[in-house]
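> Quick one, structure for this:
(chains A and B)
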There are 2 protein chains.
Amino acid sequence: MKTIVLAGGVGGAKLVDGLASLLSPGDLTIIVNTGDDFYHYGLLICPDLDTVCYTLAGIANPDTGWGRKNETWQVLKGLETLGGPIWFQMGDLDLATHLERTRLVKQGISLTQVTQQFCKRWGILHQVLPMSDDPISTMVETVEYGEIHFQEYFVKLKCQPHIKGFRFAGLEKAKPSPEVLEAISRAEMVIFAPSNPWVSIDPIIKIPEVKIALKAKKMIAVSPIIEGHTIKGPAAKMFQDFGIVPSALAVAEHYKDILTAFILDKKDEIFLEKLMQWGIIPFSTDIYMKCFEDRQFLASEIIKLIDTIQTMGSQ
Amino acid sequence: MKTIVLAGGVGGAKLVDGLASLLSPGDLTIIVNTGDDFYHYGLLICPDLDTVCYTLAGIANPDTGWGRKNETWQVLKGLETLGGPIWFQMGDLDLATHLERTRLVKQGISLTQVTQQFCKRWGILHQVLPMSDDPISTMVETVEYGEIHFQEYFVKLKCQPHIKGFRFAGLEKAKPSPEVLEAISRAEMVIFAPSNPWVSIDPIIKIPEVKIALKAKKMIAVSPIIEGHTIKGPAAKMFQDFGIVPSALAVAEHYKDILTAFILDKKDEIFLEKLMQWGIIPFSTDIYMKCFEDRQFLASEIIKLIDTIQTMGSQ
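Prediction:
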């Protein structure tokens, strides 16, 4: 069974890690949001790609979920001494990734190829694909600061500003890579990781050619919200800014027209009926991932659900 | 007495350090070669500027003469893991300099202003000026590899290739900064530090407007060669590649038409007479700088010589 998983940062990376431990590289391809990417100190930084890859390689910081384990901060200390901006945390090992990626991209090597090269070095067997080799920037329209880049909203301003909307700059002109299109065309099932629907999944599924390619596919989303709260990140707050009560159901409604099934936490079983009314297969289980076993458990639950859906489809 | 000193890397930085310990910021301006500058991993690296500034700030690596003391190498180790080029040694603290400089220059801030800003942070009171804010690249024409950038010759290929000539790419169109021109116009004496004549001093004095501005000035050069050998760097080897026996005299001859005086080591007193025949005031002393006291001693000898020249001039 060929699957692809669409992922953003920390939550997405955790599920990807669980799925990769159960599905062979031939059966699982990971497509990662690059809307968060930005240039800082002239370096191309791809936060979600790095979080996914570091997690899969077993070199992610277990405390933060992002960045590297056994990280040091010498360069950042040096930058602070010189008065440079240090709101974006770049550890020394992490910086090596940004430097080498920037060097290769400047040579004309695509982000897809660079990511492949890095995965090889890091011993990652599954294919990890940036959603596009073309630049797409998630811009956040805020009440307080006007339009700012997502990293400014997320890291510099710590999600304090109130959001009016999003714009994915470059999205209309962006093409998915041939690798992304091929992976989607081969896939029998598309999983949306428990990532932020507004800024992690939307930028991927709204790329025009991706949108078209996904049309015929069965899609399953995992809720990033449990009992109205996000484990990490501003998804719940974003729903609130838009005047929507944050909940697993609100996430499902966000994807209402395209989902085959929706996975939510047992604590949110109150929403099962509504999902069925919408024609979405509901599936409740423990979705909170605290440790590797939780990641693997959730992955196994998803695989079980996929099997059920396929059995239903073939009946 | 207003002086300027023209300097390249390690040897130049040592003399600059000695001079700065004896002359007030109002009396000494340092103009540094930027022909060695290059982009690596997308970062603007200015090896000579950094060596001079690190030395003046007391934060240079005392063992190498370049780079930072108490340096760590985490990023370089990370780059090695990713298969990036590591022939150019960038320590973590050093990298902070390259990153912040690149960030500021990309914002349109001139290298002169960036250097001023860094000097303030590092507690350097003397004015350190890059020779130009325009890019000038010292290209080395080699027998084995054709034309290559100086850093490739110097660091990557460890000065192994045989040299046929040099080209200072961008030199004709480059302008010295207003600060450089003002410093030269105020100066009563110009000191050439014991730096490589071909690749450290020539790029500075061959900038068209610098050349014109220097015309009326008294110039003193300190030999970077003692008994036919350079303390550090490839100056002696370069003379050999050109079929010239390397010696203090060969250095003096290189500058023959413009020098007022030439300072060489006591061990090279054999050349004193020849210098006098050329109309260059010879001055022999101990020029080998092993410790800070040696730097200060040589600086004091230079100041003595300048006083003598000025007394002669006023008689």
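> Output stretch A:206-226 in PDB, but only the C-alpha positions, please.
C-alpha atoms of stretch A:206-226 as PDB (Å, rounded to 0.1, in the frame of the first residue of the first chain):
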ATOM      1  CA  LYS A 206      -3.100  24.600  -2.100                       C
ATOM      2  CA  ILE A 207      -0.300  24.400  -4.700                       C
ATOM      3  CA  PRO A 208      -2.400  24.300  -7.900                       C
ATOM      4  CA  GLU A 209      -0.900  21.200  -9.400                       C
ATOM      5  CA  VAL A 210      -0.800  19.400  -6.000                       C
ATOM      6  CA  LYS A 211      -4.500  20.300  -5.500                       C
ATOM      7  CA  ILE A 212      -5.300  18.800  -8.900                       C
ATOM      8  CA  ALA A 213      -3.200  15.700  -8.300                       C
ATOM      9  CA  LEU A 214      -4.800  15.100  -4.900                       C
ATOM     10  CA  LYS A 215      -8.300  15.200  -6.300                       C
ATOM     11  CA  ALA A 216      -8.700  11.500  -7.000                       C
ATOM     12  CA  LYS A 217      -7.000  10.500  -3.700                       C
ATOM     13  CA  LYS A 218      -8.300   9.200  -0.400                       C
ATOM     14  CA  MET A 219      -7.200  11.600   2.300                       C
ATOM     15  CA  ILE A 220      -7.000  11.000   6.100                       C
ATOM     16  CA  ALA A 221      -6.200  13.800   8.500                       C
ATOM     17  CA  VAL A 222      -5.000  13.500  12.100                       C
ATOM     18  CA  SER A 223      -6.200  16.200  14.400                       C
ATOM     19  CA  PRO A 224      -3.500  18.500  15.800                       C
ATOM     20  CA  ILE A 225      -6.000  19.600  18.500                       C
ATOM     21  CA  ILE A 226      -7.100  17.600  21.500                       C
END
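> residues in the stretch 51-200 of chain A within reach of chain B, list them.
A:72, A:74-79, A:81-85, A:92-97, A:99-100, A:102-103, A:106, A:117-118, A:121 (Cβ under 8 Å from any Cβ of the partner chain). No exception for glycine: its C-beta is placed from N, CA and C like everyone else's.
> Just the buried ones from those residues?
Buried subset of those (neighbour count, 16 or more other Cβ atoms under 10 Å in any protein chain shown): A:72, A:74-76, A:78-79, A:81-82, A:84, A:92-97, A:99-100, A:102-103, A:117-118.
> Please flag which of the residues of the stretch 51-200 of chain A next to chain B sit within helices.
Using DSSP state H, the members of those that fall in helices are A:74-79, A:81, A:92-97, A:99-100, A:102-103, A:106, A:117-118, A:121.
> In contact with whatever residue of the stretch 201-315 of chain A ends up closest to chain B, which residues?
Using Cβ to the nearest Cβ, the closest approach of the stretch 201-315 of chain A to chain B is made by residue A:292 at 23.5 Å. Listed by Cβ atoms under 8 Å, 6 or more residues apart in numbering or on different chains, the contact set of residue A:292 reads A:17-18, A:21.
> Please report the distance of it from residue A:22.
According to Cβ to Cβ, to the nearest Å, residue A:292 stands 12 Å off from residue A:22.
> And for residue A:296?
7 Å.
> So the two - more neighbours on which side?
In this view residue A:296 and residue A:22 are compared by other Cβ atoms under 10 Å in any protein chain shown, and residue A:296 has more residues nearby, 17 against 14.
> Let me know the helix or strand that the residue nearest to the more buried one when sequence neighbours are not counted is in.
Closest residue to residue A:296 apart from its sequence neighbours, by Cβ to Cβ, 6 or more residues apart in numbering or on different chains: residue A:18 at 4.7 Å. Assigned by DSSP states H and E, residue A:18 falls within helix A:10-22.
> What of residue A:209?
Using DSSP H and E, residue A:209 falls in helix A:208-214.
> Mind checking what helix or strand follows that helix in sequence?
strand A:218-222.
> In the sheet, which strands lie alongside that next one, parallel or antiparallel?
strand A:189-192 (parallel), strand A:261-265 (parallel) (DSSP bridges).
> where does the closest residue to residue A:29 other than its chain neighbours land in three-state SS?
Closest residue to residue A:29 apart from its sequence neighbours, by Cβ to Cβ, 6+ apart: residue A:183 at 4.1 Å. Following DSSP: H, G, I helix; E, B strand; the rest coil, residue A:183 is assigned to helix.
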